[in-house]
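Engineer: Dropping the sequence and predicted coords here.
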Number of protein chains: 2
Amino acid sequence: MKKHNFSAGPCILPQEVLKQASKAVLNFNNLDLSLIEISHRSPDFVEVMENARNLVLELLDLKGKGYSALFLQGGASLEFLMTPYNLLKEGGKAAYLDTGTWSSKAIKEAKLLGDIEVISSSKDKNYSYIPKKYSIPTDVDYIHCTSNNTIYGTQMKEFPKTDGILVCDMSSDIFSRKIDFSQFDLIYAGAQKNMGPAGTTLIVVKENILGKTGRQIPSMLDYQIHISKDSMFNTPAVFPVYVSMLTLQWLKDLGGVEAIETINIAKAELLYNEIDNNPLFKGSAAKEDRSNMNITFLLTDDSKKEKFDQMCKDAGINGLKGHRSVGGYRASMYNALPLESVQVLVDLMKKL
Amino acid sequence: MKKHNFSAGPCILPQEVLKQASKAVLNFNNLDLSLIEISHRSPDFVEVMENARNLVLELLDLKGKGYSALFLQGGASLEFLMTPYNLLKEGGKAAYLDTGTWSSKAIKEAKLLGDIEVISSSKDKNYSYIPKKYSIPTDVDYIHCTSNNTIYGTQMKEFPKTDGILVCDMSSDIFSRKIDFSQFDLIYAGAQKNMGPAGTTLIVVKENILGKTGRQIPSMLDYQIHISKDSMFNTPAVFPVYVSMLTLQWLKDLGGVEAIETINIAKAELLYNEIDNNPLFKGSAAKEDRSNMNITFLLTDDSKKEKFDQMCKDAGINGLKGHRSVGGYRASMYNALPLESVQVLVDLMKKL
């Protein structure tokens, strides 16, 4: 049965990527060996890592602009710690924008290493909007924001304007839309949304911002060490990196970030139009801050819930349940989700 | 062509595990979804994680003895940091045994957090033996050792006797031999030798040793947080954990650690006998400390090198090149390597 996979992450990946990944687990590059049983120092895998790192910079239009791409482990959760370790001076201060659960977690970890100023928060309305009025302190080592809030269905359209260092957690919308990525000095993202399977984390960092904190950084948390070892300081997560490379190549072949953005806008408009025009549904995020990746919505009539859930199940829809912090439904529509799946969902909403 | 995979890690895994892993990448548990595109909170994956954690404790005979098993990320390299973060008191001291590259790296990271006493080292003879004469200080928070030294081909047969806390990096020989695992309070191991693909790290920890340092531990480095979340504090490395579960199940079906030890001894004896009896070869590690996992050996006549390398290549032997720190050859003979592959290698050595 054909499934329509709206899972919030780990999430849908392109079918052709899954096929190639499955094959590589048995026989990689016709070596008569599995991808997962060869040395990460073998030329075949070194090439995978190099391709993946290059594709990242190419797709984000950051080639030749002083950035390095790394594939590390630990998810965005470990980056919450690595960011201050690498950028926050001893006795220094950083500014964070609090737009949801992941921002809050980032703030919590950073506080262990220094003075953290929360310059604005949308917690007052259960993170249903993106704060826009805030002043940016000039005495901070960096400013941190979260581009898309998976749980609440909000997405930043504008980013803080600053001459200082700007850091962005892009876990749930990287590679989904065209923005000027060079406005950021450090971008990080867990792979398991638009890039690959869980188990690797992408870091894109402008090299000249590093090495300035005066801190002794543990080796595994030190971006400079990972850069100096071409992202192979220790054994990388071979399979997740390989699948990420395949997905990035798939995106490039499709026309890159600009091409996928057009498709993502079409998918989002289709569903938001239905939410706004169907009296049985309503969106939960402020309209101007709505995410094109995670669309959160509620039933206006709870008595229809059982019927709608059954219809979704019968249609092969997976992962539509909303996060417990918001309730209702969440349609996660990452790059690999076809428009056809959104159409199936919208048709059910019309029929309800 | 049938390959004989002596790679030091990532390394050979059981063929039936690879087949099942390959299938799960396309369709997992007949869900019509890939293993790597479903939520880690879905019942199907939660079961994988629970099975994997249970199998670990069962195979190590640690069930009901106060231990927790965790599958985290970052490899042994991150454990070099997590160990002192979790066990070394502020202003405290720990004792380390230095038996090779990995011990040295563990020592380096631990030094960032406190006073580290190296109680003995075999660096004087390029780590070709395991130090045996050392006194164990009683004023330390823990004692750290490395059970097997992949690069140098040595393996500890006896472990420090102590009433204190004993920590062991077992990355390259866990699940390969029967020992009393309850003598350790903390065991860690990167998956990519006897357990699964690179990208997940096994931690087995006695719960009552935790929470006693007085340190503020960053969430991602805190074993207690990971235990409280059943190893799902953040998104785990889904595919590596799944393949580890399959490999652990394969080992259980085979008869467990005791059964594989018998096979591993037979493989090691076959190769060591040839090394000791063939005048063209000699072992590089002290006989009494030889590893059954990584067998390091040298040619006595370098003019034979080209011929031997070509013979190995023609026979489909992979990964036999020694590490640059030792030179010569290294046959890594992890659990999944069949005796047949060792026989192929020994036959070539006889023919040289």
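Structural biologist: Thanks, I have it. Every value quoted in this text rests on a predicted model; they were computed, and no experiment measured them.
Engineer: what's near enough to touch A:Phe80?
Structural biologist: With contacts defined as Cβ atoms under 8 Å, 6 or more residues apart in numbering or on different chains, A:Phe80 is in contact with A:105-106, A:108-110, B:219-220. Yep, even glycine has a C-beta here, placed from its N, CA and C like the rest.
Engineer: That one falls within a helix, correct?
Structural biologist: Yes. The assignment for A:Phe80 is a helix, going by DSSP: H, G, I helix; E, B strand; the rest coil.
Engineer: So which of the contacts of A:Phe80 are in helices?
Structural biologist: A:105-106, A:108-110 (DSSP state H).
Engineer: And the residues you listed, which is closest to A:Met311?
Structural biologist: A:Lys105 (35.1 Å; Cβ to Cβ).
Engineer: okay but the closest one is in contact with A:Gly75, surely?
Structural biologist: No. Contact criterion Cβ atoms under 8 Å: A:Lys105 and A:Gly75 do not qualify, at 10.9 Å.
Engineer: Neighbour count: the two, which is higher?
Structural biologist: Neighbours were counted for A:Lys105 and for A:Gly75 using other Cβ atoms under 10 Å in any protein chain shown; A:Gly75 has more, 25 against 18.
Engineer: Need phi/psi at that one.
Structural biologist: Here is the backbone geometry of A:Gly75 (degrees, to the nearest 10): phi 70, psi 180.
Engineer: Please apply the same query to A:Leu166.
Structural biologist: Here is the backbone geometry of A:Leu166 (degrees, to the nearest 10): phi -110, psi 130.
Engineer: for the ones in helices among the contacts of A:Phe80, which one is nearest chain B?
Structural biologist: A:Glu109 (5.6 Å; Cβ to the nearest Cβ).
Engineer: For that closest one, give me its contacts.
Structural biologist: Per Cβ under 8 Å, 6+ apart, neighbours of A:Glu109: A:80-81, A:84, B:218-220.
Engineer: Recalculate using a threshold of 7 Å.
Structural biologist: A:80-81, B:218-219 (Cβ atoms under 7 Å, 6 or more residues apart in numbering or on different chains).
Engineer: ok, for it, nearest residue in space, not its chain neighbours?
Structural biologist: A:Phe80 (3.9 Å; Cβ to Cβ, 6 or more residues apart in numbering or on different chains).
Engineer: Also A:Lys105?
Structural biologist: Using Cβ to Cβ, 6+ apart and skipping the chain neighbours, the partner closest in space to A:Lys105 is A:Phe80 (5.8 Å).
Engineer: quick one: whichever residue of the stretch 51-200 of chain A sits closest to chain B and B:Pro236, what's the gap?
Structural biologist: Using Cβ to the nearest Cβ, A:Gly199 is the residue of the stretch 51-200 of chain A that sits closest to chain B, at 3.1 Å. Noted for A:Gly199: a distance of 8 Å to B:Pro236, by Cβ to Cβ, to the nearest Å.
Engineer: Neighbour count for those two, which is higher?
Structural biologist: More neighbours surround A:Gly199 than the other of A:Gly199 and B:Pro236, with 34 against 27 (other Cβ under 10 Å).
Engineer: Could you look up the SS state of A:Tyr96?
Structural biologist: A:Tyr96 - assigned by three-state DSSP - is strand.
Engineer: so what's it up against?
Structural biologist: A:103, A:106-107, A:110, A:116, A:118-119, A:144.
Engineer: Who does it form a beta bridge with?
Structural biologist: When bridges are called by DSSP bridges, A:Tyr96 pairs up with A:Val118, A:His144.
Engineer: Show me the domain layout of chain A.
Structural biologist: Domain ranges of chain A: A:15-254, A:257-351, per automatic domain parsing.
Engineer: Show me which residues of stretch A:266-273 are buried.
Structural biologist: A:267-268, A:271-272 (16 or more other Cβ atoms under 10 Å in any protein chain shown).
Engineer: And stretch A:317-324, by the same measure?
Structural biologist: Within stretch A:317-324, the residues that count as buried by 16+ other Cβ under 10 Å are A:317-323.
Engineer: Where do the strands of the stretch 151-300 of chain A begin and end?
Structural biologist: For the stretch 151-300 of chain A, the strands defined by DSSP state E, counting those that start in this stretch occupy A:154-155, A:166-169, A:186-190, A:201-206, A:281-283, A:294-299.
Engineer: As CSV, the ones you listed with mean pLDDT and mean neighbour count would be great.
Structural biologist: Listed next are the strands of the stretch 151-300 of chain A as CSV, based on pLDDT from 0 to 100; neighbours: other Cβ atoms under 10 Å in any protein chain shown:
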stretch, mean pLDDT, mean neighbour count
strand A:154-155, 98, 26
strand A:166-169, 98, 25
strand A:186-190, 98, 26
strand A:201-206, 98, 24
strand A:281-283, 98, 17
strand A:294-299, 98, 23
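Engineer: returning to what we had before: quick one: which of the buried residues of stretch A:317-324 sit in strands?
Structural biologist: Among the buried residues of stretch A:317-324, the members falling in strands (DSSP state E) are A:317-318.
Engineer: which among the buried residues of stretch A:317-324 are in contact with chain B?
Structural biologist: A:318-319 (Cβ under 7 Å from any Cβ of the partner chain).
Engineer: wait, which of the buried residues of stretch A:317-324 is closest to B:Ile136?
Structural biologist: Comparing the buried residues of stretch A:317-324 against B:Ile136 with Cβ to Cβ places A:His323 closest, at 50.4 Å.
Engineer: Now do the same contact list for the closest one.
Structural biologist: Under the criterion of Cβ under 7 Å, 6+ apart, the neighbours of A:His323 are A:151, A:330.
Engineer: So it versus A:Asn149, what's the distance?
Structural biologist: According to Cβ to Cβ, A:His323 and A:Asn149 sit 10 Å apart.
Engineer: And for A:Asn208?
Structural biologist: In terms of Cβ to Cβ, A:Asn208 sits 30 Å off from A:Asn149.
Engineer: Which of those two has more residues huddled nearby?
Structural biologist: Ranked by neighbour count (other Cβ under 10 Å), A:Asn208 and A:Asn149 place A:Asn149 first, with 28 against 10.
Engineer: ok, the more buried one - contacts?
Structural biologist: A:Asn149 makes contacts with A:99-100, A:127, A:291, as judged by Cβ under 7 Å, 6+ apart.
Engineer: Can I get the buried part of those residues as one PyMOL selection?
Structural biologist: Typed into PyMOL, the next command selects the buried ones out of the contacts of A:Asn149 (criterion: 16+ other Cβ under 10 Å):
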select buried, chain A and resi 99+100+127+291
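Engineer: so which of the contacts of A:Asn149 are also by chain B?
Structural biologist: Subset of the contacts of A:Asn149 in contact with chain B: empty, counting by Cβ under 7 Å from any Cβ.
Engineer: want to throw the contacts of A:Asn149 into JSON lines with pLDDT, distance to A:Ile38 and secondary structure?
Structural biologist: Shown next, in JSON lines, are those (pLDDT from 0 to 100; distance: Cβ to Cβ, whole Å; DSSP: H, G, I helix; E, B strand; the rest coil):
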{"residue": "A:Thr99", "pLDDT": "98", "distance to A:Ile38": "42", "secondary structure": "coil"}
{"residue": "A:Gly100", "pLDDT": "97", "distance to A:Ile38": "40", "secondary structure": "coil"}
{"residue": "A:Tyr127", "pLDDT": "98", "distance to A:Ile38": "44", "secondary structure": "coil"}
{"residue": "A:Ser291", "pLDDT": "98", "distance to A:Ile38": "39", "secondary structure": "coil"}
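Engineer: So which bits of stretch A:65-79 are buried?
Structural biologist: A:67-79.
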